[in-house]
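Student: here you go, sequence then predicted model.
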Amino acid sequence: NAGVTQTPKFQVLKTGQSMTLQCAQDMNHNYMYWYRQDPGMGLKLIYYSVGAGITDKGEVPNGYNVSRSTTEDFPLRLELAAPSQTSVYFCASSPGGTETQYFGPGTRLLVL
Amino acid sequence: GENVEQHPSTLSVQEGDSAVIKCTYSDSASNYFPWYKQELGKGPQLIIDIRSNVGEKKDQRIAVTLNKTAKHFSLHITETQPEDSAVYFCAATPKDYKLSFGAGTTVTVRA
């Protein structure tokens, strides 16, 4: 099993550009999550999904959108990138809500 | 929502000594408390977790304690080794399954 995979590993955007961060898992987990990690701030939940077709906001959803059309994939969309979205983004999945979350390797995003 | 505070933010210990990291949470409905280790350039990885119906859990050199009344939980690492150097995060989840993370503790084990 590859576990949780994320692409790209690193991306540079200009303010106002859009992009999609990809996340996929091959563990047949129902729950998937997107976090952002800023230096010294821990991880903040952006969006999460409890199954295909179901998504909900986390703590910091503004400026982001998600979709969950399949169990395996959970892409994160930035429509109008802003410098404040410069961060490291982690995708995670888990079998259930209070079960171990398995994290991907992260995507480092720089918005100029 | 849940608010998790973690202390200390940095911890330097001599190899072979013990390391203790403490966390407090605000939501008395929280019932799941995992600890994650993050090595440089990688995603966090679960090292141990505890549920609200248990007061203590141990796995080799790692132990976690939970005090529900005081709403705090702690990670204990004994006989520290250089490979224990990393950033450690505590987290808590109330019934809505949204994990709230502490700000992290950077642990450095000196040889």
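Tutor: On my side now, so go ahead.

Student: any weak-confidence spans in chain B?
Tutor: Confidence mapping of chain B against pLDDT under 70 gives the ranges B:95-96.

Student: quick one: name the residues of it near chain A.
Tutor: Counting by Cβ under 8 Å from any Cβ of the partner chain, the residues of chain B close to chain A are B:1, B:6, B:9, B:31-32, B:34, B:36, B:41-46, B:49, B:51, B:89, B:93, B:97-104. Every C-beta, even on glycine, is put in place using the N, C-alpha and C of the backbone.

Student: quick one: buried ones out of the residues you listed?
Tutor: B:6, B:31-32, B:34, B:36, B:43-44, B:46, B:49, B:89, B:93, B:97-104 (16 or more other Cβ atoms under 10 Å in any protein chain shown).

Student: give me the most central residue, chain A.
Tutor: residue A:34 (3.1 Å; Cα atoms, centre = their mean).

Student: who touches it in this structure?
Tutor: Applying Cβ atoms under 8 Å, 6 or more residues apart in numbering or on different chains, we find residue A:34 in contact with A:21, A:23, A:45-48, A:58, A:64, A:66, A:74, A:76, A:89-91.

Student: can you tell me how far it sits from residue B:102?
Tutor: 19 Å (Cβ to Cβ, to the nearest Å).

Student: say whether chain B is contacted by stretch A:54-66.
Tutor: Yes: using Cβ under 8 Å from any Cβ, stretch A:54-66 reaches chain B at A:58, A:59.

Student: got the buried residues for that stretch?
Tutor: Neighbour-count burial for stretch A:54-66, counted by 16+ other Cβ under 10 Å, picks out A:55, A:58, A:59, A:60, A:61, A:64, A:66.

Student: mind putting those into CSV with distance to residue A:9, secondary structure and pLDDT?
Tutor: What follows is those, written out as CSV (distance: Cβ to Cβ, whole Å; DSSP: H, G, I helix; E, B strand; the rest coil; pLDDT from 0 to 100):
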residue, distance to residue A:9, secondary structure, pLDDT
A:55, 24, strand, 96
A:58, 23, coil, 91
A:59, 25, coil, 90
A:60, 22, coil, 94
A:61, 24, coil, 96
A:64, 19, strand, 97
A:66, 20, strand, 97
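
Student: out of those residues, which is nearest to residue A:5?
Tutor: Checking the buried residues of stretch A:54-66 against residue A:5 with Cβ to Cβ, the nearest one is residue A:66 at 16.7 Å.

Student: hmm, that closest one is touching residue A:78, no?
Tutor: No: assessed by Cβ atoms under 8 Å, residue A:66 is found out of contact with residue A:78, at 10.8 Å.

Student: tell me the contacts of residue B:71?
Tutor: B:24, B:25, B:26, B:28 are the contacts of residue B:71 under Cβ under 8 Å, 6+ apart.

Student: that one and residue A:101, how far apart?
Tutor: Applying Cβ to Cβ to residue B:71 and residue A:101 gives a distance of 22 Å.
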